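Asker: Just a sequence and a predicted model for now, questions to come.
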Amino acid sequence: MIYNEELENLRQHFLKIRFENELNFLETDVFTDLDVEEDPEWINTRKEKIKIILKGIDDNNKSENNLMDNMFNQINEYSYKKMWHLLQPFHRVEKIKDFLKENIENKDIRNNIEKTLLKLIYNNKLATKKAVIYDHKNEIIKSIPALEIMDTGEYTIKKKLI
């Protein structure tokens, strides 16, 4: 199935290139300088038809891309609706990043905390409901009890909560 899609995409790509090359050739001076006894009206008609074909190929690709994007968005919406301990690690990472962007303005501090929390996620330390308070209905992290941030920008991770 994947090979069929890749072949179809490749076929569409080469078809588009073929028509673009023909259109470019018909619009160049090289073609007009040739001693061709073709009807100029036929050439203009051919150019218009090629433009319509190219527009159709582009529209088809855009609608397929929109359909795929729409499907992935629906999958993501469902994925984030799970409870924290059921989320995949890459979804947890995204939610941690969102939480930190909302709650910590200083970029350097945020990056340091993010690195530490990502290590904990990948080591499966922030996988419990106690480690992260996550509202799965609204898809937001309410708090991270294991994380304590001081006013100076220093932070600590409470080991007993993870």
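Answerer: All right, it came through fine. Computed from a prediction, not measured in an experiment: that's the story for all the values here. Numbering: from 1, shown residues only.

Asker: make it CA atoms for all contacts and neighbour counts henceforth
Answerer: Noted.

Asker: His136 reaches Lys82, doesn't it?
Answerer: Yes. Look at His136 against Lys82 with C-alpha atoms under 8 Å: they come within range, at 5.8 Å.

Asker: According to the record, where do the domains of the protein fall?
Answerer: Each domain of the chain is listed here as a residue range: 2-80, 84-161, per automatic domain parsing.

Asker: Mind putting those domains into TSV with mean pLDDT and mean neighbour count?
Answerer: Formatted as TSV, the domains of the chain follow (pLDDT from 0 to 100; neighbours: other C-alpha atoms under 10 Å):
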stretch	mean pLDDT	mean neighbour count
domain 2-80	75	13
domain 84-161	86	15
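
Asker: For Gly153, grab phi and psi.
Answerer: Backbone torsions of Gly153, given as degrees, to the nearest 10, read phi 100, psi -10.

Asker: The residue nearest to it when sequence neighbours are not counted: helix or strand, and which one exactly?
Answerer: Closest residue to Gly153 apart from its sequence neighbours, by C-alpha to C-alpha, 6 or more residues apart in numbering: Ile109 at 6.2 Å. Following DSSP states H and E, the helix or strand that holds Ile109 is helix 107-122.
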